[in-house]
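# Show me the folded form of this:
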Amino acid sequence: MRVFLTGATGFIGGAVARALRDRGEDVRALVRSRERATDLESIGVDLAVGDVADRERIADALGGCDAAIHGAAVYEVGVKRSEHAQIYAANVEGTENVLRAALEVGTPRVVYVSTVAVFGNTGGEVVDESAEHRGDYGSYYEETKVLAHRVARRLIDQERLPCVIVQPGGVYGPGDHSALGDVVERFAKGRLPALAFPELGFNMVHRDDVAQGILLALDRGQVGQAYVLGGEITTMRGLIETEARILDRRPPRRTMPVGVLKAAAPLGPVIGPLLGFPPNLNELIRSSDGVTYWAGHDKAVRELGYAPRPLEQGLRETLRAEGWLGDRAA
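You can find the predicted model right below:
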């Protein structure tokens, strides 16, 4: 099988490319530059230089492919308004371009990588795939992913796109350079004196489990259906307490008062980076303070045979791979 893949130079997409190659599939990845994709080329991925903004180039690269996985997206929270146009172009317009190109060339099977963020703040509840977005948008990322999800649903429902949707939870693993990964790294290196947003809730899932879930959706997913790909329901506090057990040290006793961040918000572009935060502190607070992004993955377990690893196991593997575990026992 030849699989067309977007987002292959990213955190999740790279794992998907490796998983596909490990099982012997031919992979053609849409990349913006060959220089950023040498790791992909080294494992035998066919590189098609282009961008999700160019539907004609996408359609050309899709030629001869048996399936497509669209995972390219900009994932940033706390961005300045000046960056919104770029995020919209990548997340919303890019999704429409890729999915419409697949429809136009007749790609037999498509997997679209959405997110549990499209449910919004679940308010402490664990929702399933039938949930609708609640309330206001916590971030512009969330808003664009909701819009992109609707694009996929419209093409499935109205134009019969043969597409399966997957919705990863809070993804972690080696090489994670997100804000979440930064917290894990800072604690591992003894640089996290206080914890911000301790009650921020995720369904934490290892990157490689997400990759396997995407392949399971490709193989077994029912067209038109969505599948949450999660791992373990927890909070930021729970995540760091798990890491502390692995590293045999105490978790931070102090939490960073939200009031301090609110007071600093007007100077966010200057103060944010000094505190290890993005420049738009108001958006960061809105999307993080007491917010839960909890969604269960029972459907994926039941219908796909999805089997994610426990958080403690996956986090231990991550710390070891990054060289942060030292000589502690497995």
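# how far is stretch 278-292 from where the chain is centred?
17 Å (C-alpha atoms, centre = their mean, to the nearest Å).
# Next: stretch 257-271.
On C-alpha atoms, centre = their mean, the centre of stretch 257-271 falls 26 Å from that of its chain.
# And it, what's buried?
261, 264, 265, 268, 271 (16 or more other C-beta atoms under 10 Å). For every residue, glycine as well, the C-beta is placed using N, CA and C.
# Make TSV from the residues you listed and add pLDDT, distance to residue 39 and secondary structure to it.
Below are the buried residues of stretch 257-271 laid out as TSV (pLDDT from 0 to 100; distance: C-beta to C-beta, whole Å; DSSP: H, G, I helix; E, B strand; the rest coil):
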residue	pLDDT	distance to residue 39	secondary structure
261	88	37	helix
264	87	38	helix
265	89	38	helix
268	84	34	helix
271	80	36	helix
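# For this structure, which segments are assigned as helices?
11-22, 38-42, 55-62, 84-88, 94-105, 140-159, 179-188, 207-220, 236-247, 258-264, 268-274, 281-288, 298-304, 311-322 (DSSP state H).
# Residues contacting the lowest-mean-pLDDT helix or strand in the chain, please?
Lowest on mean pLDDT, DSSP states H and E among the helices and strands of the chain sits helix 268-274, with a mean of 83. For helix 268-274, contacts defined as C-beta atoms under 8 Å, 6 or more residues apart in numbering pick out 78, 80, 264, 277, 278, 279, 280, 281, 282, 284.
# Return the member of those residues nearest to residue 316.
residue 277 (27.2 Å; C-beta to C-beta).
# Contacts only, for that closest one.
Residue 277 is in contact with 78, 179, 196, 261, 268, 284, counting by C-beta under 8 Å, 6+ apart.
# wait, what's in contact with the nearest residue to the fifth one once chain neighbours are set aside?
If I follow you right, that is residue 268. Nearest residue to residue 268 in three dimensions, chain neighbours excluded: residue 281, at 4.0 Å (C-beta to C-beta, 6 or more residues apart in numbering). Each residue near residue 281 by C-beta under 8 Å, 6+ apart is listed here: 78, 261, 262, 264, 265, 268, 271, 272.
# Next, find the distance separating residue 281 from residue 217.
From residue 281 across to residue 217, the span is 36 Å (C-beta to C-beta, to the nearest Å).
# Check residue 46 too.
With C-beta to C-beta as the criterion, residue 46 and residue 217 are 22 Å apart.
# Compare those two (neighbour count), which wins?
Neighbour totals were compared for residue 46 and residue 217, and residue 217 leads with 26 against 14 (other C-beta atoms under 10 Å).
# Now do the contacts for the more buried one.
Residue 217 touches 111, 164, 166, 227, 300, 304, counting by C-beta under 8 Å, 6+ apart.
# Over to residue 221?
Residues counted as contacts of residue 221 (C-beta under 8 Å, 6+ apart) are 111, 164, 166, 227, 303, 304.
# Please work out how many residues are found near residue 94.
Residue 94: 26 neighbours (other C-beta under 10 Å).
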